[in-house]
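Asks: curious how this folds, go ahead:
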Amino acid sequence: QVQLVESGGGLVQAGGSLRLSCAASGRTFSRYAMGWLRQAPGKEREFVAGISWGGGTTDYTDSVKGRFTISRENAKNTVYLQMNSLKPEDTAVYYCATQAVLYGTSFLKWDYWGQGTQVTVSS
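Replies: Here you go, the predicted structure:
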């Protein structure tokens, strides 16, 4: 049973930084792509960042490119999202996600989700 547990959210002023972590368990972490998605109040959940199983490929939504960095430590079964230069529009619940398919090469479909962590950016 796949379990994903996020941590690191909180309240930060605009221009500040946060690092989110997601601890995974229940299967061999290093064989699966990982991602971060977010959902703001009244909006649909959207893709933020994805990283391939080996860490060699990453992708970001345009609005966070140059500010957010996704990374993973396979030895610790953990994926991170470093968020710099935060803006009020980054305020959302951030979800860690992974896929059912082994060695996935696309970041379009996510099958397992964590419970989410709230990020609030004040202006």
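
Asks: residue closest to the middle of this protein?
Replies: Nearest residue to the geometric centre of the chain (Cα atoms, centre = their mean): residue 36, 2.2 Å.

Asks: and the closest residue to residue 7 other than its chain neighbours, how many neighbours?
Replies: Distances taken as Cβ to Cβ, 6 or more residues apart in numbering place residue 21 nearest to residue 7, at 5.1 Å, with adjacent residues excluded. Placement of C-beta: from N, CA and C, glycine included. Residues lying near residue 21 (other Cβ atoms under 10 Å) number 17.

Asks: just list whatever residues bridge to residue 21.
Replies: residue 7, residue 80 (DSSP bridges).

Asks: against residue 88, how distant is it?
Replies: Distance, residue 21 to residue 88, using Cβ to Cβ, to the nearest Å: 23 Å.

Asks: and for residue 50?
Replies: From residue 50 across to residue 88, the span is 24 Å (Cβ to Cβ).

Asks: what are the ranges of the strands in the protein?
Replies: In the chain, the segments counted as strands under DSSP state E are 3-7, 10-13, 18-25, 34-39, 46-51, 58-60, 68-73, 78-83, 92-98, 112-113, 117-122.
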